[in-house]
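Chemist: One predicted model, sequence on top.
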Amino acid sequence: MKKLFVIISLFLSFGVLAQDLENDQELIKNVIQTAYVEGLQNEGNIEKIDSGIHPDFNLIGIDKGDKMWNLSISDWKAKTVKRLEAGELPRKENLISIKFLDVDVTGTAAVAKIEFYVGEKLTYVDYISLYKFESGWKMVNKIYYKF
């Protein structure tokens with residue numbers, strides 16, 4: 001009887017953990033869709049950007065040789081504001097869309113791998129790191145591969 005109780009308890013615990021994981025994965029997908037795709041890329045909506053991108057976020061890229069560069073979210077938002085002022089945002093054509101390839105969550109840390117499309121063209125594969133703060137999931141950095 002004791003073994004049966006342990007087995008049932010483990011089974012129920014696993015079900016709860018799986019539900020939490022699925023919930024976190026959906027929350028992460030929503031953060032990326034709202035803050036990154038809608039806010040940063042398609043609309044230039046600063047409120048949406050701030051809702052899901054941590055103020056210390058950095059976009060990290062590689063340069064020639066072994067050099068790297070980074071772009072802070074504050075600088076990226078400044079570029080976004082300039083694009084708004086120039087009438088380049090919100091996008092009217094070649095909308096950005098994404099396809100989630102993987103969302104890997106361990107506790108309060110996560111990485112999302114996505115395909116990034118400009119219109120119909122696959123342009124990047126992004127690797128977005130997130131942390132779960134008291135206020136919820138936030139993007140904290142991004143690296144990418146450009147096709």
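Modeler: Alright, I've got the coordinates.

Chemist: now Ile49, nearest residue through space, not along the chain?
Modeler: Gly39 (4.0 Å; C-beta to C-beta, 6 or more residues apart in numbering). All C-beta spots, glycine's among them, are computed from the backbone N, C-alpha and C.

Chemist: Surely the one you found is in contact with Val31?
Modeler: No. Gly39 is beyond contact range of Val31, at 10.1 Å (criterion: C-beta atoms under 8 Å).

Chemist: what touches both of the two?
Modeler: Common contacts of Gly39 and Val31 (C-beta atoms under 8 Å, 6 or more residues apart in numbering): 51-52.

Chemist: okay, and for the protein, where does confidence drop off?
Modeler: 1, 4-18 (pLDDT under 70).

Chemist: do that again at 50, thanks
Modeler: For the chain, not a single residue meets the criterion pLDDT under 50.

Chemist: ranges for the strands of the protein?
Modeler: The residue ranges that make up the strands of the chain, judged by DSSP state E, are 53-62, 68-72, 96-106, 109-118, 121-133, 136-146.

Chemist: Show me what the longest one packs onto, helices and strands only.
Modeler: The elements that strand 121-133 packs onto, with contact taken as 3 or more C-beta pairs under 8 Å, 6 or more residues apart in numbering; DSSP states H and E, are helix 2-31, strand 109-118, strand 136-146.

Chemist: Could you dump the ones you listed into JSON lines and include mean neighbour count and distance to Phe57?
Modeler: Compiled in JSON lines, these are given as follows (neighbours: other C-beta atoms under 10 Å; distance: least, C-beta to C-beta, whole Å):
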{"stretch": "helix 2-31", "mean neighbour count": "12", "distance to Phe57": "12"}
{"stretch": "strand 109-118", "mean neighbour count": "18", "distance to Phe57": "14"}
{"stretch": "strand 136-146", "mean neighbour count": "18", "distance to Phe57": "6"}
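
Chemist: Let's have the strands of the chain in CSV, adding distance to Asp20.
Modeler: As requested, these are exported to CSV (distance: least, C-beta to C-beta, whole Å):
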stretch, distance to Asp20
strand 53-62, 22
strand 68-72, 32
strand 96-106, 9
strand 109-118, 13
strand 121-133, 11
strand 136-146, 13
